[in-house]
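S.K.: Structure of the sequence below:
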Amino acid sequence: MKIADIRGMTPDQLADTLISLKKEQFNLRFQAATGQVEKTHRVNEIRKDIARIKTVLRAKAAA
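M.R.: From the prediction side, this is the model:
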């Protein structure tokens, strides 16, 4: 997910996206624990996307 796309979202959209990413991260953690994860790089991508969204949310809240 690109930072420009994230900055264009409303806070409600960001919150919804954050929830869905956290659910996906949870599922990937279970798959990794059982050795069933196919796209191992996706774990890092999701983690970074979550950080990007949290950063933009905090910046919008401060403004």
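
S.K.: and residue 1, what is it in contact with?
M.R.: By C-beta atoms under 8 Å, 6 or more residues apart in numbering, the contact set of residue 1 is 49, 52. Where C-beta positions appear, they are placed from N, C-alpha and C, glycine not excepted.

S.K.: Let's see the pLDDT reported for it.
M.R.: In this model, residue 1 is scored at 84, pLDDT.

S.K.: Give me the secondary structure label for the residue most central in space within the chain.
M.R.: The residue lying closest to the centre of the chain (C-alpha atoms, centre = their mean) is residue 50, at 3.1 Å. Judged by DSSP: H, G, I helix; E, B strand; the rest coil, the three-state class of residue 50 is helix.

S.K.: which ones are touching it?
M.R.: So residue 50 contacts 18, 21, 22, 25 (C-beta under 8 Å, 6+ apart).

S.K.: Selecting buried members of the residues you listed in ChimeraX, what would you type?
M.R.: The buried residues among these can be selected in ChimeraX (16 or more other C-beta atoms under 10 Å) with this line:
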select :18,21
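
S.K.: between the contacts of residue 50, which is nearest residue 2?
M.R.: residue 21 (14.4 Å; C-beta to C-beta).

S.K.: Let me see the contact set for that closest one.
M.R.: 46, 49, 50, 53.

S.K.: quick one, what contacts residue 60?
M.R.: Contacts of residue 60 by C-beta under 8 Å, 6+ apart are 11, 14.

S.K.: host element of it?
M.R.: Counting by DSSP states H and E, the element that carries residue 60 is helix 41-62.

S.K.: in that helix, what's buried?
M.R.: By neighbour count on 16+ other C-beta under 10 Å, the buried set for helix 41-62 is 43, 46, 49, 50, 52, 53, 56, 57.

S.K.: Which helix or strand contains the closest residue to the first one other than its chain neighbours?
M.R.: So the one you mean is residue 43. Excluding its sequence neighbours, the residue lying closest to residue 43 (C-beta to C-beta, 6 or more residues apart in numbering) is residue 28, at 5.3 Å. If you go by DSSP H and E, residue 28 is part of helix 11-34.
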